[in-house]
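# based on what follows, work out the 3D shape:
(4 chains)
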Protein chains: 2
Amino acid sequence: MTTNDLLEVHPALFDRVRLAIMAHLSVTKKPVDFNTLLAELELTRGNLSTHMKRLEEDGLVRIDKTFVDRKTRTTYACTARGKKEISQYLTVIEAVLRSSL
Amino acid sequence: MTTNDLLEVHPALFDRVRLAIMAHLSVTKKPVDFNTLLAELELTRGNLSTHMKRLEEDGLVRIDKTFVDRKTRTTYACTARGKKEISQYLTVIEAVLRSSL
DNA sequence: GCATACTGTTTGTATTACAAACTAGTTTGC
DNA sequence: GCAAACTAGTTTGTAATACAAACAGTATGC
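Reported below is the predicted structural model:
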């Protein structure tokens, strides 16, 4: 049993909000916009904004900005790295906890 | 798909160190002492101490203090509540992430 | 007695999650 | 045309928290 396998999990995923964001992006395999995430996760705009910035800096998410009807529209998508880290997260968690049940 | 199911996971488990501690206590189904955890998890004593205090306050762990050879000996065990929360954690994570693979 | 080691706890500090305030632009009302 | 209100985010100030350094209490060696 090696509880230290948890060190292989990306640190950004050890936050319930960011994990929820990544889960959402990862499950719906297409880009999701700011307001959709906002409604889904029930956060303030400031909070969501900083979490997305962190996820982009860590390379887990790609941010895309366009204009729709003259208004800004920001969409987010899971990167290949992001998918890999989510997969790794699940694998490690299961390996570490399964034997305890 | 309800990413908000993550809100049902106990907040104390959203920390890699505390999850590693709970995994250890949960897998080895018997009490573990301070120094064993210290060696296993490679933390400073102060850090481990505060995490254990938090876990006890949240009712996930039971702390037991005795004397061995006139020296203090502190052991920790997973409570029923702790086992339940670990189980819940695994269930929710799998439910939320499984469909993304 | 004094120094060193063992077993933790308390404290100060650095990070970070969060919401309030702000920026930039658009639409609506008059 | 101008102001008020709305939309879409971002920046910044604050409160919470993870961490290690310093501390406290006891035991052991010389």
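# what does chain A put close to chain B?
A:1, A:3-4, A:6-7, A:9, A:11, A:14-16, A:19-21, A:23-24, A:26-29, A:40-42, A:83, A:86-87, A:89-90, A:93-94, A:96-101 (CB under 8 Å from any CB of the partner chain). C-beta coordinates here come from the backbone N, C-alpha and C atoms, glycine included.
# of those residues, which are in range of DNA strand C?
A:Asp15 (CB under 7 Å from any atom of the strand).
# among the residues of chain A next to chain B, which are in strands?
Judged by DSSP state E, the residues of chain A next to chain B include no members of strands.
# now the residues of chain A next to chain B: which count as buried?
A:3, A:6, A:9, A:14-16, A:19-21, A:23-24, A:26-28, A:40-41, A:83, A:86, A:89-90, A:93, A:96-97, A:100 (16 or more other CB atoms under 10 Å in any protein chain shown).
# give the residue spans of chain A that score low on pLDDT.
Chain A contains residues with pLDDT under 70 at A:1-3, A:101.
# which bits of it sit near DNA strand D?
Chain A comes close to DNA strand D at residues A:33-35, A:45-46, A:48-50, A:52-53, A:65, A:71-74, as judged by CB under 7 Å from any atom of the strand.
# mind redoing it with 10 Å?
Chain A has residues A:11, A:14-15, A:33-38, A:43-53, A:56, A:63-69, A:71-76 near DNA strand D, with proximity defined as CB under 10 Å from any atom of the strand.
# just give me the neighbour total for A:Ala80.
Look at A:Ala80: counted by other CB atoms under 10 Å in any protein chain shown, it has 10 neighbours.
# my bad, A:Ala95
14.
# helices of chain A, residue ranges please.
Taking DSSP state H as the criterion, chain A contains helices spanning A:16-27, A:34-41, A:45-57, A:80-97.
# my read: A:Arg54 touches A:Met22, true?
No - contact criterion CB atoms under 8 Å: A:Arg54 and A:Met22 do not qualify, at 11.3 Å.
# what about these two, which has more around it?
Neighbours were counted for A:Arg54 and for A:Met22 using other CB under 10 Å; A:Met22 has more, 28 against 15.
# now that one: closest residue in space that isn't a chain neighbour?
A:Ile86 (5.6 Å; CB to CB, 6 or more residues apart in numbering or on different chains).
# geometric centre of chain A: which residue is closest?
A:Met22 (2.2 Å; CA atoms, centre = their mean).
# check contacts around that residue.
The neighbours of A:Met22, taking CB atoms under 8 Å, 6 or more residues apart in numbering or on different chains as the test, are A:Leu13, A:Leu55, A:Leu60, A:Val61, A:Cys78, A:Gly82, A:Glu85, A:Ile86.
# let's go with 10 Å and repeat that
By CB atoms under 10 Å, 6 or more residues apart in numbering or on different chains, the contact set of A:Met22 is A:10, A:12-13, A:15, A:51, A:55, A:60-61, A:78, A:82-83, A:85-86, A:89, B:3, B:96-97, B:100.
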